[in-house]
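> Predicted model and sequence follow; I will ask about them next.
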Amino acid sequence: MAFPYLQEMATRYARAAVAADKDGDYETAINNYRKAIEILTKIVRMYPDSPLISTYLEMIKSYEKRIQQLQSNTEAIESNTASKSNEKDSFINDIVLTQKPNVKFSDIADLKEAKQAIVEAIVYPVKRPDLFPLGWPRGILLFGPPGCGKTMLAAAVANEVNGYFLYVDAASIMSKWLGEAEKNVSKIFKYARQKSEEGSPAIIFIDEIDALLGTFSGEVGGEVRVRNQFLKEMDGIQDKDKKIHVYVIGATNKPWQLDEAFVRRFNKRILIPLPDLESRRQLFALYTKGLNLSSDVDLDRLAQLTEGYSASDIRDIIQATHTLVIREFFEQKNGEGEPRSITMEDFLNILKERKPSVDPLFVKRYDAWFEKFKAL
Ligand SMILES: Nc1ncnc2c1ncn2[C@@H]1O[C@H](COP(=O)(O)OP(=O)(O)OP(=O)(O)O)[C@@H](O)[C@H]1O
């Protein structure tokens, strides 16, 4: 999952924790502090170069301290045990990332074909269902290397149609709620249908969908039941009366692990590839927009040098280069005055130390899979 979403999720839990803490609902507060810690720890692990790392570490420390304080106050906790009826809501709260994400199509570099396919599949039918006498697809599969915009696209389309964005991590559904997974799958769809009935389209985004619809070598935790439940729910939203605006966007980095019978349920199957030269140029322009660049920085050249890098690799390169200059500024000038501008040499130094995160062999596999299952 991507940095901004993780950040948003951590903030959400932290806010819920503080609110519950104030209300004296210590059990909810502890649970939410724990979730915030879990996500912040993930951010620290995944984005060690982020300039905010020390802030996150501080936050983790202070939440841990608060949990300890609250835990020692067992009496208060017992008197505020969450009621059964709240449990359902809190599950949905866990998965509904935000009602309206703030990612826009214009924040996404290039991916013209994918944007167009997704607009045709979701935006047009939401705006003018009467123009689609034959119905329209409710299941869309986005596949391709990690960090190239699958999550962003799904969030942007939810934003575009003013809908609910339900972020679901398939791997955690299978592991975290073992035994509960089947029930939780139907809760997700029920909630989405309810939102649609109230007038807001709902986009269920399932990250790492291969964890849910993959071909398993062994049956460990009721996988077949969960899968069947999921397929039943997907069939349930194929509504002939055109009233239901619930869409399932599945994302995977390993499409070849999907069971072929299930692949066909996703009427649209779209490859989100590694950025080509032009996309990389756009990414460098996009992510250096607010930075102080020296005149020798050649974005075209940087785009040429980064063949094989993912969009998030490129964003990370820019972030690391910026951090380098900021670090130097603090070390040499103690944070006084202004940092110097970022030079081409800074970029080249960082590039030397960063290899693409995607294995080129995988890229060939994506293309081959797309050829076989393409459905734009
Ligand atoms: N096309 C793009 N334009 C601009 N930024 C991008 C693009 N693709 C990825 N990014 C950057 O990389 C981050 C990760 O992207 P995103 O989460 O959408 O990738 P993903 O394909 O869903 O990856 P994963 O499979 O790891 O979940 C984004 O938050 C964004 O900063």
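Sure thing, it's come through.

> Break down this structure into its strands, ranges please.
Remark: strands assigned in the chain by DSSP state E are 96-98, 139-143, 164-169, 202-207, 246-252, 268-271.

> Next, format those strands as CSV and append mean pLDDT.
Putting the strands of the chain into CSV (pLDDT from 0 to 100) gives the following:
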stretch, mean pLDDT
strand 96-98, 55
strand 139-143, 93
strand 164-169, 85
strand 202-207, 91
strand 246-252, 93
strand 268-271, 91
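
> can I get these in TSV with mean neighbour count?
C-betas here are computed from N, CA, C, even on glycine. Formatted as TSV, those follow (neighbours: other Cβ atoms under 10 Å):
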stretch	mean neighbour count
strand 96-98	19
strand 139-143	25
strand 164-169	23
strand 202-207	26
strand 246-252	27
strand 268-271	23
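
> now those strands in a markdown table, with distance to residue 369?
Conversion of these to a markdown table gives the following (distance: least, Cβ to Cβ, whole Å):
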| stretch | distance to residue 369 |
| --- | --- |
| strand 96-98 | 28 |
| strand 139-143 | 7 |
| strand 164-169 | 22 |
| strand 202-207 | 18 |
| strand 246-252 | 10 |
| strand 268-271 | 8 |
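
> okay if I get these as CSV plus distance to the ligand?
Formatted as CSV, those follow (distance: least, Cβ to the nearest ligand atom, whole Å):
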stretch, distance to the ligand
strand 96-98, 12
strand 139-143, 7
strand 164-169, 10
strand 202-207, 6
strand 246-252, 6
strand 268-271, 11
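
> Tell me how many other residues surround the residue nearest to residue 171 when sequence neighbours are not counted.
Nearest non-adjacent residue to residue 171, counting by Cβ to Cβ, 6 or more residues apart in numbering: residue 211, 4.1 Å away. For residue 211, the count of nearby residues is 20 (other Cβ atoms under 10 Å).

> now do residue 11
14.

> what about residue 156, distance to the ligand?
Distance, residue 156 to the ligand, using Cβ to the nearest ligand atom, to the nearest Å: 9 Å.

> pretty sure that residue is touching residue 103, no?
Yes - between residue 156 and residue 103 there is a contact under Cβ atoms under 8 Å: 4.7 Å.

> burial measure for residue 231, as a count.
Residue 231 has 15 nearby residues by other Cβ under 10 Å.

> Show me the helices in the stretch 101-250 of the chain, by range?
112-118, 124-127, 150-160, 170-176, 181-197, 210-213, 223-236 (DSSP state H, counting those that start in this stretch).

> and if you look at the stretch 251-376 of the chain?
260-263, 277-287, 299-305, 311-333, 344-353, 360-373.

> wait, which of those helices is closest to residue 10?
Nearest to residue 10, of all those, is helix 311-333, at 18.0 Å by Cβ to Cβ.

> ok and the closest one relative to helix 344-353, angle-wise?
Interaxial angle of helix 311-333 relative to helix 344-353 (axes from the mean of the first three to the mean of the last three Cα atoms, to 10 degrees): 120 degrees.

> what sits up against helix 311-333?
2, 47, 49-51, 109, 146-149, 275, 279-280, 283-284, 287-288, 291, 306, 309, 335, 339-342, 346-347, 349-351, 354, 356-358 (Cβ atoms under 8 Å, 6 or more residues apart in numbering).

> Please list the residues of the stretch 201-350 of the chain that sit near the ligand.
Residues of the stretch 201-350 of the chain lying close to the ligand (Cβ under 6 Å from any ligand atom) are 207, 251, 253, 272, 283, 286, 311-312, 315.

> could you dump those residues to CSV with distance to residue 325?
Shown next, in CSV, are those (distance: Cβ to Cβ, whole Å):
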residue, distance to residue 325
207, 33
251, 34
253, 32
272, 31
283, 19
286, 19
311, 22
312, 21
315, 16
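
> quick check, nearest of these to residue 225?
Residue 225 has its nearest neighbour among those in residue 207, at 21.0 Å by Cβ to Cβ.

> related to what we said a few turns ago, which of the helices of the stretch 101-250 of the chain sits most buried?
Of all the helices of the stretch 101-250 of the chain, helix 150-160 has the most neighbours on average by mean count of other Cβ atoms under 10 Å, namely a mean of 25.

> Packing partners of that one?
Contacts defined by 3 or more Cβ pairs under 8 Å, 6 or more residues apart in numbering; DSSP states H and E place helix 150-160 against helix 112-118, strand 139-143, strand 164-169, strand 202-207, strand 246-252.
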